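Participant: Give me the fold of what follows.
(one chain, ligands or ions: 1)
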Amino acid sequence: MSSTENKKQVIDTTNIKLAQADSYNALIKGNAEWVERKLGEDSDFFKKLAKGQQPQVLWIGCSDSRVPANEVTGTKAGEVFVHRNIANVCVHSDMNMLSVLDYAVNVLKVKHVIVAGHYGCGGVAAAMSNKQFGLIDNWLRHIKDVYRLHSYELDRITDETQKLNRLVELNVSEQVYNLCKTSIIQNAWMERHDLEVHGWVINLGTGLVKDLKVTSSSPNNLGYVYELDGVNAVAAH
Ligand SMILES: [Zn+2]
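Facilitator: Sure thing, here's the model as predicted:
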């Protein structure tokens, strides 16, 4: 390699490092400004925050950077317990999701579990295509299954954007259903009557939430193979 080429490489690396430092330092600066703003609103804000959390809501949303739970709902730190993954999928073999759900429902005693999808979701769009994306294809297959379950309706939508947005809605509804099938939710319903599971879709173009009206607060419509006997009933047999 000639000395000219070596020099060029050094200059390029320096520029990259400068940009890297800038984007990182902006986060530290942003944090300091947030602390200052919060203390301006309430000088005891962090003292109260450090004491513990009593969120009323569990948010299961997409990892997409444009749908942060607190900002979308106008809530503060401490008010929403959050789990996010690509395309807000709730799979009953996902130990991470189940742990978050169990802690939120049985320890924090949240009153609302919200599955929040968003129109234009890249994960749902990828699942609707035939392209390979690598490891993520295994995760997206759960959404392909949602497509198959609703293919009669979806195959009749000719506009691709409309089809994607309808699949986004159906995916949220199916994930609400998946949560209701879990023993965690069903056992909680046997103990208390203040736990609801909701399905939302966020419109990135307006910021507004669409409530899909699929709220469940009992196992009544689960279908008989999904409805579980109570733990006490099982023990009595
Ligand atoms: Zn998404």
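Participant: Give me the contacts around stretch 167-179.
Facilitator: Stretch 167-179 is contacted from outside by 60, 87-92, 101, 113, 115-121, 124, 127-128, 143, 146-147, 149-150, 153-154, 185, 197-201, 212, 214, 216, 222, using C-beta atoms under 8 Å, 6 or more residues apart in numbering. C-beta coordinates here come from the backbone N, C-alpha and C atoms, glycine included.
Participant: One more: stretch 35-55?
Facilitator: 77, 78, 79, 80, 81, 104, 108, 110.
Participant: list the buried ones in the one helix or strand residue 126 maps to?
Facilitator: Assessed by DSSP states H and E, residue 126 sits inside helix 122-128. By 16 or more other C-beta atoms under 10 Å, the buried positions in helix 122-128 come out as 123, 124, 125, 126, 127, 128.
Participant: Any chance of the residues you listed in CSV with distance to the ion and pLDDT as columns?
Facilitator: Below are the buried residues of helix 122-128 laid out as CSV (distance: C-beta to the ion, whole Å; pLDDT from 0 to 100):
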residue, distance to the ion, pLDDT
123, 5, 98
124, 7, 98
125, 9, 98
126, 10, 98
127, 11, 98
128, 12, 97
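Participant: so where is the chain shaky, pLDDT-wise?
Facilitator: Across the chain, the ranges flagged by pLDDT under 70 are 1-11, 231-237.
Participant: can you list the residues of it near the ion?
Facilitator: With C-beta under 5 Å from the ion as the criterion, the chain meets the ion at residues 62, 64, 121, 123.
Participant: Beta-bridge partners for the spatially most central residue of the chain, please?
Facilitator: The centroid of the chain falls nearest to residue 61 when counting by C-alpha atoms, centre = their mean (1.4 Å). On the basis of DSSP bridges, residue 61 is bridged to residue 84, residue 116.
Participant: Can you give me the distance of it to residue 73?
Facilitator: Distance of residue 61 to residue 73, given as C-beta to C-beta, to the nearest Å: 10 Å.
Participant: Dump the residues of the chain next to the ion into CSV; add distance to residue 178 as well.
Facilitator: Listed next are the residues of the chain next to the ion as CSV, based on distance: C-beta to C-beta, whole Å:
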residue, distance to residue 178
62, 15
64, 20
121, 17
123, 16
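Participant: Contacts only, for the residue nearest to the centre of the chain.
Facilitator: Contacts of residue 61 by C-beta under 8 Å, 6+ apart are 67, 69, 82, 83, 84, 88, 114, 115, 116, 117, 118.
Participant: secondary structure element for the nearest residue to the second one once chain neighbours are set aside?
Facilitator: So that's residue 69. Ranked by C-beta to C-beta, 6 or more residues apart in numbering and with sequence neighbours excluded, the top spatial neighbour of residue 69 is residue 59, at 4.1 Å. Following DSSP H and E, one finds residue 59 within strand 57-62.
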